[in-house]
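Student: Build the 3D model from these lines:
(2 chains)
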Amino acid sequence: MSDVRHPTLRAQAIWGERRAGGTDVMDRLHHGRIAAPIVDLRDVPGLDGVGPAPGGGLRVGSAVRLAELAADERVRAGWPALADAAGGLANPQIRNVATFGGSLLQRTRCAWFRSPDFRCYKAGGTGCPAAGVDHPWHAPLSTGPCVAPHPSTLALALLAFDAKVEIEPRGLIEVAALYGDGMAAGAEHTVTEEELLVAAILPPPRPGAVSGWFRVASRGRAEWPLVEVILHLAPGFARVAVGGMHSVPARVPELEAALLAGAPLDPVVATLAASAPHASTSTRTKFPQLARAVEIVVARLGGVPAALPAPSFAPPAVPAPATPAPRGRR
Amino acid sequence: MPTDRILSFTVNGEPVRLLVEPAQTLLEVLRGPLRLTGTKHGCDVGDCGACTVLVDGAPRLSCITLAVGCEGARVETIEGVATPAGPDPIQAAFDHHVAAQCGYCTPGFVMTLRHLFAENPTANEAELREALGSNLCRCTGYTKILTAAREAQAIYAGKS
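Tutor: So this is what the prediction gives:
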């Protein structure tokens, strides 16, 4: 039986399995996948709340519940794909307890990892028992030895919005640095036992931006995705973050370029499929699904926003200040 | 060796004080020492909703809720739903429409609907279906459950 600690200081919330909403940790506890003491973040201060970030962005605390995130008017207005995804995941009861940070740092949902009968890379073993199995849940574009897709939809939203995450004591880092390149098969993220995920910082909304989320799954609710996409589009700008295909949350620049060029998506996904490291009969079916998912979101968003025309006049020169600003040490 | 903790809370209005293990779930405490076996043990991982109880009025999946996290809480289970005067309208409607077949998921559905009708008495069809999205049934195909829920909602509305 695992012990549970209830620290009341952020500095104490280290060394162990961090538990927030418990929707991942309790699952792993019941599958015998928790060895360390559980560190319950319930009483740790400063992890909750949604509020303004410097420069017009938004700061989302790691302990914010998914239901709160989905209902927050600021998120809905400025970063709608994040709100849509938070409100569409899992089921209402899970969303009432699961947290933003927990979604970002949950462990893989791979059935082989969760089964006590196997010992894969992520369970401290030395192989991937799923690698030779043809299963549509596997991630064909994984570049590392683990074939499980990364489970965090909200990480895709952070990627699509070029957000950063605040890790104590490491500081503010890019989302890509939070997850690495997928080559470290033993871990889903780079947060160590001495570190704590505190918040995410979303940059201000771009002018004319639209965003949306679509999930391809075997049933309408409470199911993990086969493929999912989050699109963030603005004039001359496209972000396409894709789930179900990689072992880390990832953007697909080839799809972004195709959207900006108005090019068809099927040749793009066909090229991706041809070079996919873990392509199989089942996972090849996910590539056309990916193209359709992107097209569905684009259609829902009313198309790709047209690039702004180049200015036909020279921009006005910025007048020099009347009094030069003092220079030197302050 | 983890040390047991003293947990004090109320269950169906009765104050309870007992020793629990640190990682013990609310479900384990309800069905074990408290012998309240109406709350069902389904998937154990928060997927099926059979273990749904109300904690301070909100539906919670008791299989993924730490018991020690319920210190001071007001817990309501299926055993506290009916009164000496008779079953709750939700239970009566489930009976009337044969919305319980094997019955294993029924306590979870009833508790979820209790919360919905308390929070949103005029829930429309979409809101009803959304609320029940946390509960799985493998017998009825949901049609009878939705019919029973609509009937119970009307009775609740007439009472208020």
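Student: tell me the helices in the stretch 201-330 of chain A, going along the chain?
Tutor: Here the stretch 201-330 of chain A has its helices, by DSSP state H, counting those that start in this stretch, at A:253-261, A:266-274, A:281-284, A:286-300.
Student: Where do the strands of the stretch 51-200 of chain A begin and end?
Tutor: Listed in chain order, the strands of the stretch 51-200 of chain A (DSSP state E, counting those that start in this stretch) span A:57-61, A:164-168, A:171-174, A:196-202.
Student: Give me whichever of those strands is most buried.
Tutor: Comparing those by mean neighbour count (mean count of other Cβ atoms under 10 Å in any protein chain shown), strand A:196-202 ranks first with a mean of 24. Every residue, glycine included, has its C-beta placed from N, CA and C.
Student: on contacts alone, who are the packing partners of it?
Tutor: strand A:57-61, helix A:100-105, strand A:164-168 (3 or more Cβ pairs under 8 Å, 6 or more residues apart in numbering or on different chains; DSSP states H and E).
Student: Report the contact partners of A:Ala70.
Tutor: A:83-84, A:86-88, A:95 (Cβ atoms under 8 Å, 6 or more residues apart in numbering or on different chains).
Student: ok, back up a step: and the helices of the stretch 201-330 of chain A, which is most packed in?
Tutor: Most buried among those, counting by mean count of other Cβ under 10 Å: helix A:286-300, with a mean of 20.
Student: in stretch B:107-114, what's buried?
Tutor: Buried residues in stretch B:107-114, counted by 16 or more other Cβ atoms under 10 Å in any protein chain shown: B:107-114.
Student: For chain A, tell me which of these show up nearby.
Tutor: When Cβ under 8 Å from any Cβ of the partner chain is applied, the members of those adjacent to chain A are B:Thr112.
Student: Closest to chain A out of the buried residues of stretch B:107-114?
Tutor: Distances from these to chain A were compared by Cβ to the nearest Cβ; the smallest belongs to B:Thr112, at 7.9 Å.
Student: Would you double-check that that closest one falls in a helix?
Tutor: Yes - using DSSP: H, G, I helix; E, B strand; the rest coil, the assignment for B:Thr112 is a helix.
Student: quick one: contacts for the closest residue to B:Gly13 other than its chain neighbours?
Tutor: Distances taken as Cβ to Cβ, 6 or more residues apart in numbering or on different chains put B:Gly80 closest to B:Gly13, at 6.7 Å, once the chain neighbours are dropped. Contacts here follow Cβ under 8 Å, 6+ apart; on that basis B:Gly80 touches B:11-13.
Student: now these as JSON lines including pLDDT?
Tutor: Listed next are the contacts of B:Gly80 as JSON lines, based on pLDDT from 0 to 100:
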{"residue": "B:Val11", "pLDDT": "98"}
{"residue": "B:Asn12", "pLDDT": "98"}
{"residue": "B:Gly13", "pLDDT": "97"}
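Student: Most neighbours among those residues, which one?
Tutor: B:Val11 (21 neighbours; other Cβ atoms under 10 Å in any protein chain shown).
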